[in-house]
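**Student:** What shape does this take:
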Amino acid sequence: MMERDRLTRGFYAGLGATVLQNAWSFLSYALGLTTLRMADWSAIVILGRGGPFSTAEILLGLIGHLVWGGFLGIVFVYLIPYVTHQHLTLKGLLYGWSIWFFIYGLTLLFKVEPTLNLPLMTPISNFIGATIYGLVVAWGVNRLTEKEPSK
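**Tutor:** Below you'll find the predicted structure:
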């Protein structure tokens with residue numbers, strides 16, 4: 001499916017990337033590799049407190065994270081014309097890693113208590129999630145972008 005509308009293309013790509021990022025996040029949590037799932041991060045922002053969270057609160061955090069990931073996909077697709085469409089995979093990786101670093105920096109700057117003093121594996125797991133997001137959002141945007149016909 002080729003999508004002409006850039007905003008919709010970005011949202012779909014970001015949403016798909018966020019679904020896979022959350023799948024990694026829940027798996028990583030189940031394996032004991034992280035103490036905070038992506039849905040937990042969103043729940044902290046939405047509810048203004050740390051967990052433990054109820055099932056409904058985790059679901060709200062998950063929905064919030066899916067919408068946020070879709071929005072970040074829109075930002076990515078609107079940045080592409082400024083940096084060209086070449087090497088999109090690398091740009092997606094850099095974008096995912098930049099978001100990861102920026103969000104970690106914000107939580108430190110604003111001293112968001114539940115996100116401070118994390119065990120090493122949590123940032124590593126979240127970095128892997130950011131890698132997944134960056135790769136998949138780039139792939140999704142590329143897949144949904146209408147290609148110029150060959151001359």
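
**Student:** from here on, contacts and neighbour counts on C-alpha atoms
**Tutor:** Will do.

**Student:** Run through the helices of the chain in chain order.
**Tutor:** Shown for the chain, the helices assigned by DSSP state H span residues 6-30, 38-47, 55-83, 88-109, 121-144.

**Student:** Which positions within the longest one qualify as buried?
**Tutor:** Going by neighbour count (16 or more other CA atoms under 10 Å), the buried part of helix 55-83 is 57-58, 60-62, 64-77, 80.

**Student:** what does the fourth one give?
**Tutor:** In terms of neighbour count (16+ other CA under 10 Å), helix 88-109 has its buried residues at 88-89, 91-97, 99-100, 104, 107.

**Student:** Can you list the helices and strands that that helix packs against?
**Tutor:** Under the contact criterion of 3 or more CA pairs under 8 Å, 6 or more residues apart in numbering; DSSP states H and E, helix 88-109 touches helix 121-144.

**Student:** picking that back up, can you tell me which of the buried residues of helix 88-109 is nearest residue 139?
**Tutor:** Using CA to CA, residue 89 comes nearest to residue 139 of the buried residues of helix 88-109, at 7.0 Å.

**Student:** I figured that closest one was touching residue 142, is that so?
**Tutor:** No. No contact is recorded between residue 89 and residue 142 when judged using CA atoms under 8 Å, the distance being 9.2 Å.
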